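Asker: got a predicted model here, sequence first, then my questions.
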Amino acid sequence: MELWRDRTRRESELQDEIETHLRLAERDRVERGETTVDARAQVHREFGNVQTRQGCHTQPMELAWLDQLGRDARFAMRTMWRMQAFSAVAGLSLALSIGANSALFSLVDALLLRSLPVKEPEQTG
């Protein structure tokens, strides 16, 4: 749990830092004579997409995949919950195809892949 709280704290600090940067840059432009609206628009244009920049914060690479895995799992569960009939049909078809594949492999293994339980199977008679 501490890991998630730390992540939330880091994201909050990053958000504060970005807002401070934007405010200072906007104030500098207003002091140089631009209107507040023009200054704000130009600062945002120069800074780029704020949401993209927020996603670029430093996160330990060892944990980045774990965070993404958690997000993917939550998304999958929400999607499956919304489309229950499709999820049931997909699960049933997977179960049937895995079962059929196992049965077919068992048959091929028993008939073709294992050698016969005799001393000299190559001998014809």
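Answerer: That came through, no problem.
Asker: would you mind writing the CA trace of the host helix or strand of Glu46 as CSV?
Answerer: Per DSSP states H and E, Glu46 falls inside helix 36-47. Below are the C-alpha coordinates for helix 36-47, written out as CSV (Å, rounded to 0.1, in the frame of the first residue of the first chain):
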residue,chain,number,x,y,z
THR,A,36,-3.3,37.5,-19.7
VAL,A,37,-5.2,35.4,-22.3
ASP,A,38,-2.5,35.7,-24.9
ALA,A,39,0.3,34.9,-22.4
ARG,A,40,-1.6,31.8,-21.1
ALA,A,41,-2.2,30.5,-24.6
GLN,A,42,1.4,31.0,-25.7
VAL,A,43,2.8,29.4,-22.5
HIS,A,44,0.7,26.3,-23.0
ARG,A,45,1.7,26.2,-26.7
GLU,A,46,5.4,26.4,-25.8
PHE,A,47,5.1,23.9,-22.9
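Asker: okay, buried residues for the helix ranked longest in the chain please.
Answerer: In the chain, with assignment by DSSP state H, the single longest helix is helix 2-31. The neighbour-count check on helix 2-31 (16 or more other CB atoms under 10 Å) flags 14, 22, 25-26, 29 as buried. C-betas here are computed from N, CA, C, even on glycine.
Asker: ok, so of the residues you listed, who is nearest Phe75?
Answerer: If you rank the buried residues of helix 2-31 by distance to Phe75 using CB to CB, Leu14 comes first, at 23.2 Å.
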